Every structure is written in structure tokens, then in C-alpha cells.
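A.B. asks: Sequence and predicted structure below; questions after.
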Amino acid sequence: QVQLVESGGGLVQAGESLRLSCAASGRTSSGYAMGWFRQAPGKEREFVGAISWSGGNTYYTNSVKGRFTISRDYAKNTVYLQMNSLKPEDTAVYYCARANKHWTINRRDFGSWGQGTQVTVSS
């Protein structure tokens, strides 16, 4: 079983940046795609983006394209979500998750959730 711990959330103003981290331990994320999701109050969990095991493939939902970037550091077993030009509508709890295959953008393939980190963007 892999354990995922997100960090890096906080309160920022619109237009600022944050970088979230997702550290994996246990059976780690080796060999699997990783994804980022978010959930705002009263809304369903949204699939933000994903990165393949090789790092050669990435996917972003339309609302974050050009602003968010996912990367991974294999030596640190860590996946990052760089968020630039943040907007109030980006406010949510952000979760990382590990997929059960090398690459997928099917949200049903993601499990092993972290506990989440709160991102709040003020206008």
C-alpha cells in the first residue's frame, strides 16, 4: 500500500502562485501514473491533471491549462503541482492519487488518495 502526503497549500491572493507536493512512501508511486484532484465545498471532486510514470505524458483539465504544471522527482518519490496565476475559483482541497497503470486519464483508475491540502485564493 502506498501512502501519499500532500503539502504546500495555503492562502494566497489572485494572480499569485503555489507549488503543491505529494510525497509517496510505502510501495511508492514507482511504475504508476499520478494525478491531482480538487474538491471545493459543495462540489464533486474534480480531476485536475495527471502525469505518466515516464513523465512524458501529461493531462490537464481545460480550466487549468497554461496555468498549472505537474512534474515528478523520481529520486524523492514526489509529484508536484505548480499553480500559477491562481484564481478564486481554484479554491479547494487538493488531493493527489496514484493510478493503477503507467498512464491513464480515466479518473476511475486513480486510488490511494492522500489526505489533501487546502488552497484558498482570495480576490
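C.D. replies: All right, it came through fine.
A.B. asks: For the rest of this, base every contact and every neighbour count on C-alpha atoms.
C.D. replies: OK.
A.B. asks: can you pull the contacts of Lys24?
C.D. replies: Quick fix: residue 24 reads Ala, not Lys. Taking Cα atoms under 8 Å, 6 or more residues apart in numbering, we find Ala24 in contact with 2-5, 77-78.
A.B. asks: Just the buried ones from those?
C.D. replies: 2-5, 78 (16 or more other Cα atoms under 10 Å).
A.B. asks: Which members of those occur in strands, if any?
C.D. replies: Counted as lying in strands by DSSP state E, out of the buried ones among the contacts of Ala24, are 2-5, 78.
A.B. asks: Which single one of the buried ones among the contacts of Ala24 is nearest to Gln13?
C.D. replies: Gln13 lies nearest to Val5 out of these, by Cα to Cα, at 24.4 Å.
A.B. asks: Which strand residues bridge the closest one?
C.D. replies: Val5 forms beta bridges with Ala23, as assigned by DSSP bridges.
A.B. asks: Repeat that for the one 5 residues further on.
C.D. replies: Taking DSSP bridges, one obtains Val119 as the residues bridged to Gly10.
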